[in-house]
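Asker: Let me see the structure of the following:
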Amino acid sequence: MSTHCTSTTGVQRVATGEAHGKAILLGEHAVVYGAPALALPLPTLTCRATLRRTPGPGTGVSRLRLLAPGPHGTPQEAEGPEELRLLLDAFAERAGLAAPPALEIRLHSRVPPSRGLGSSAANARALVRALDAFFGTGLDEQETFDLVQVSERSTHGLASGIDALATGRERPVLLDDGRPRTPSVGAGFHVVVADSGSGGGTGKAVRMLRDAFARNPDHRTRFVHRSTGFTRAALDDLAAGRLPALGRHLTDCHRLLADLGLTTGRTDALVRAALDAGALGAKMSGGGLGGCIVALTTTVEHAGAVSTALADRTGARTWTTAIEKGEGHDSP
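Answerer: All right, here's what the predicted structure looks like:
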């Protein structure tokens, strides 16, 4: 995603930064305990941050506003979240800005919040890129990631980094033992994302599992082991282009997460509807306790049929993303 900066009359200066949403295909929750996780970019769900220097005296952020989809998809404007102000403080320290100029910041996001689609990370990444463009700090990818993580840890508590990575990548991202890479994709496919209509609860789910695992560490060990097994087997099938087998791993992972109490009646119903409509596999995605599901399909026509069936049968909003065939490589 891009950054852009312009100057006008020397009094007012504008910079923008962009990011996008993401969906977790496999490994959510287990990834914070060191297990591998695979995320996909959702490039049509964009987020743009615009920074404008306000004329006159003053320092710091005079206005921070966020325009994002509301419960029914209608854009709603509100005050920017507190975690973004923490990010601004961290950036000012990193850039050595003792008294930054007065700024007006507006974020325009198409990523629905509280749906497990990376809205908080997309907001943070877009803002970091806009700040980098505005102040000319030349942040590298690691420095950008670290700043996004400041916001993510404030939002979610434990934050693996998968959202911070995937909201800035154009290809799937595998996070394995803290190291990112791009996995091999042996055959192109499409993923349908369907909204359950109720907000997810990533922070609540993370705390719920942390407390449950503290009471019974063996449950954590079994969960991480099974999640790791599903993800590694799925990565082999992904690299070989075995899409039906990949789909079965998704559905198996949904059952694993359901056993932990992370699904809802609505997300379970969406998974069943997707499978009934011919999806190769389906599962909840992200933090759970609401949010979205993902369904694996082959062609754009297959994705369209599953998307239509979900909308007709459940009334769910849907989005699709295409993943193209490609070789894997280590990520910077």
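Asker: report the longest strand in the protein, please.
Answerer: For the chain, the strand with the greatest residue count under DSSP state E is strand 37-53.
Asker: what about the very next helix or strand once past it, distance to the chain center?
Answerer: Scanning forward in sequence from strand 37-53 by DSSP states H and E, the next helix or strand is strand 61-69. Its chain's C-alpha centre and that of strand 61-69 lie 20 Å apart, by C-alpha atoms, centre = their mean, to the nearest Å.
Asker: again, but for stretch 199-215
Answerer: On C-alpha atoms, centre = their mean, the centre of stretch 199-215 falls 18 Å from that of its chain.
Asker: For that stretch, the averaged confidence score.
Answerer: Across stretch 199-215, pLDDT averages out at 85.
Asker: Show me which residues of it are buried.
Answerer: By neighbour count on 16 or more other C-beta atoms under 10 Å, the buried set for stretch 199-215 is 199-203, 205-206, 208-210, 213. Backbone N, C-alpha and C define where each C-beta goes, glycine included.
Asker: Sort out which of the residues you listed are in helices and list them.
Answerer: Using DSSP state H, the subset of those located in helices is 202-203, 205-206, 208-210, 213.
Asker: Which strand residues bridge residue 42?
Answerer: When assigned by DSSP bridges, residue 42 has beta-bridge partners residue 21.
Asker: Give me the neighbour count for it.
Answerer: Neighbours of residue 42 under the rule other C-beta atoms under 10 Å: 23.
Asker: Report the separation between the nearest residue to residue 114 once chain neighbours are set aside and residue 182.
Answerer: Closest residue to residue 114 apart from its sequence neighbours, by C-beta to C-beta, 6 or more residues apart in numbering: residue 199 at 3.4 Å. Separation of residue 199 from residue 182 (C-beta to C-beta, to the nearest Å): 31 Å.
Asker: what do you get for residue 229?
Answerer: Distance of residue 229 to residue 182, computed by C-beta to C-beta: 22 Å.
Asker: same question, residue 206
Answerer: Distance from residue 206 to residue 182, by C-beta to C-beta: 26 Å.
Asker: One more: residue 249?
Answerer: From residue 249 to residue 182 the distance is 19 Å (C-beta to C-beta).
Asker: ok, these two, which is more surrounded?
Answerer: Comparing residue 249 with residue 182 by other C-beta under 10 Å, the one with more neighbours is residue 249, at 24 against 17.
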